[in-house]
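Peer 1: predicted model and sequence follow; I will ask about them next.
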Amino acid sequence: MIEESLEDRECLRLVRIVATRREAVGVHHDTPWLTHWTLHQIAVDDHAIEAVVRALQASLDTAHPDAWYFDLTNDEWHYIVFKTRIFKVDRANLNEYEAVRRFGLELGIPDGQLDFIP
């Protein structure tokens, strides 16, 4: 989860932050309004994942809605969440990722940032 992708950072209270690192933003990141990203590795209890996914989606930046997505995985599912759409991909079916990748490209997200496919 990139903290700067959130308009309302209070939603981070819904997750456990496992690790955090800060990364400088370059031209290839295609986010010229930022100088850095704060990347959080997060954990969510399986029983709460659907509600947390929706809450985090609602908190995504509306000024740049086509720039952001986040993803969460458990043993069975991979949730890939954009401001306007949630994909719930069966991790056993790699073909399902192509539709998500195409959607991200249509939004204008650089291909190199659509690196969620295992």
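Peer 2: Looks like it came in fine. Numbering: from 1, shown residues only.
Peer 1: pLDDT value on the residue nearest in space to the middle of the chain, please?
Peer 2: Among the residues of the chain, the one closest to the centroid is residue 70, at 0.5 Å (CA atoms, centre = their mean). Predicted confidence (pLDDT) for residue 70: 92.
Peer 1: buried set for the helix or strand encompassing it?
Peer 2: Residue 70 belongs to strand 69-73 when assigned by DSSP states H and E. Neighbour-count burial for strand 69-73 flags 69, 70, 72 (criterion: 16 or more other CB atoms under 10 Å). C-betas here are computed from N, CA, C, even on glycine.
Peer 1: wait, the second one touches residue 3, no?
Peer 2: In other words, residue 70. No: the pair residue 70 / residue 3 is not scored as a contact, 10.5 Å apart, by CB atoms under 8 Å.
Peer 1: hang on, the earlier thing: once you drop chain neighbours, what's closest to the residue nearest to the centre of the chain?
Peer 2: Of all residues not flanking residue 70 in the chain, residue 1 sits nearest, at 4.9 Å (CB to CB, 6 or more residues apart in numbering).
Peer 1: show me what contacts that neighbour?
Peer 2: Contacts for residue 1 (CB atoms under 8 Å, 6 or more residues apart in numbering) come out as 12, 15, 39, 40, 41, 42, 56, 70.
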